[in-house]
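Participant: Take this sequence and fold it.
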Amino acid sequence: MKKLLIPALALGLFAFTPAQADEETPLGEQMEILNDSYKAFRRTDDPAEGAKLAREAQASVIKGMSMTPEFVEKGGHPGGKEKAMVSYRKQMAQLLITLCEVEEAFLAKDMDKVQELITPLKDSKKKGHDEFIEE
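Facilitator: Model (predicted):
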């Protein structure tokens, strides 16, 4: 269960809405791609399509991992920029691992495992928002 909670918390980083993040920023654009891929693979019954969407999500995480959230850049994170970036990269790395596991489950056509991996991700977005988005 603990293994699922950490990536679940990390995935919260992608669920931005226009009121919460500026999609015009490079990180915002990547998070929007991630969000779109997540929504699509959450609903698909086609394992091949799900695996493709999981790879798209992975690519956006990889690109976003090297970027700095605007809130952190402005110095808004209470732990300071260095600690915030460590937390951000750890969450993004764990998210990448989870998305690889989702792809693997789709490739194995194990839709129960897919659901097991993605179900807690939806519930975790609040933590990511709380830590990395200025309200």
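
Participant: Report the contact partners of Lys81.
Facilitator: The contact partners of Lys81, by C-beta atoms under 8 Å, 6 or more residues apart in numbering, come to Thr68, Val72, Glu73, Gly75. For every residue, glycine as well, the C-beta is placed using N, CA and C.

Participant: And what about it, helix, strand or coil?
Facilitator: At Lys81, secondary structure determined by DSSP: H, G, I helix; E, B strand; the rest coil is helix.

Participant: got it, and Pro120?
Facilitator: From three-state DSSP, the assignment for Pro120 is helix.

Participant: What about it, how many residues nearby?
Facilitator: Other residues lying near Pro120 total 16 when counted by other C-beta atoms under 10 Å.

Participant: ditto for Thr25
Facilitator: Look at Thr25: counted by other C-beta under 10 Å, it has 14 neighbours.

Participant: any idea of the pLDDT on it?
Facilitator: You'll see Thr25 listed with a pLDDT of 90.

Participant: Same check on the one 4 residues further on?
Facilitator: For Glu29, the model assigns a pLDDT of 95.

Participant: Now do the SS call for it.
Facilitator: Secondary structure, three-state DSSP: Glu29 is helix.

Participant: Quick check: the nearest residue to Ala51 once chain neighbours are set aside vs Asp36, distance?
Facilitator: Once flanking residues are discounted, Ala51 sits nearest to Phe106: 4.1 Å by C-beta to C-beta, 6 or more residues apart in numbering. Distance, Phe106 to Asp36, using C-beta to C-beta, to the nearest Å: 17 Å.

Participant: of these two, who's got more company?
Facilitator: Remark: of Phe106 and Asp36, Phe106 carries more neighbours, 25 against 15, as counted by other C-beta under 10 Å.

Participant: Three-state assignment for the more buried one, please.
Facilitator: Following three-state DSSP, the label given to Phe106 is helix.
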